[in-house]
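**Q** Build me a structure from this.
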Amino acid sequence: ALIKRRVLDPESNFCYGEGGAGTWSDGKLTTRIGRNSAAVRTVLETLVTFGAPQRILLDGKPHLGTDNLVRLLKGFRAELLRLGADILWDARVE
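**A** Numbering: from 1, shown residues only. All right, here's what the predicted structure looks like:
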């Protein structure tokens with residue numbers, strides 16, 4: 001509705017849901033804390049574990065690609081469910 005009719009539904013639009021607005025990005029991974037920090041390396045390695053291209057560990061400007069984002073999100077969800085998490089759809093967090 002937002003793209004075609006220019007009507008924003010405040011309860012359901014592409015800023016919400018699994019992945020939020022980031023799902024619609026081009027998959028560039030940018031950070032201001034440095035690519036070589038332990039925290040960034042951990043995130044990149046986790047992404048690779050869930051199916052991101054290995055090259056993100058080496059590239060100066062890592063890029064996942066839009067086509068990989070949905071697959072990665074499905075992997076994250078599957079792992080969260082395996083670990084016992086409850087995923088609530090159509091639920092508002094106040």
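
**Q** what's the longest helix in the chain?
**A** helix 66-82 (DSSP state H).

**Q** what's the distance between that one and the middle of its chain?
**A** 8 Å (C-alpha atoms, centre = their mean, to the nearest Å).

**Q** Report the buried residues of stretch 60-72.
**A** 62-64, 68-69, 72 (16 or more other C-beta atoms under 10 Å). (Each C-beta comes from the backbone N, C-alpha and C, glycine too.)

**Q** pLDDT and distance to P10 for the residues you listed - can I get that in a markdown table?
**A** Formatted as a markdown table, those follow (pLDDT from 0 to 100; distance: C-beta to C-beta, whole Å):
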| residue | pLDDT | distance to P10 |
| --- | --- | --- |
| P62 | 82 | 34 |
| H63 | 80 | 32 |
| L64 | 81 | 29 |
| N68 | 80 | 30 |
| L69 | 81 | 24 |
| L72 | 87 | 27 |
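
**Q** Closest to E79 out of these?
**A** Closest approach to E79 among the buried residues of stretch 60-72 (C-beta to C-beta): L72, at 10.7 Å.

**Q** Surely that closest one touches P53?
**A** No. Contact criterion C-beta atoms under 8 Å: L72 and P53 do not qualify, at 10.5 Å.

**Q** burial count for E79?
**A** When neighbours are counted by other C-beta atoms under 10 Å, E79 registers 13.

**Q** so what's it up against?
**A** Contact analysis of E79 by C-beta atoms under 8 Å, 6 or more residues apart in numbering lists F50.

**Q** And the strands in this protein?
**A** Counting by DSSP state E, one finds no strands in the chain.

**Q** mind checking how far the closest residue to L29 other than its chain neighbours is from R41?
**A** Distances taken as C-beta to C-beta, 6 or more residues apart in numbering place P62 nearest to L29, at 4.4 Å, with adjacent residues excluded. P62 sits 11 Å away from R41 when distances are taken as C-beta to C-beta, to the nearest Å.

**Q** For stretch 70-83, what is the distance to the chain centroid?
**A** The answer for stretch 70-83 is 11 Å, by C-alpha atoms, centre = their mean.
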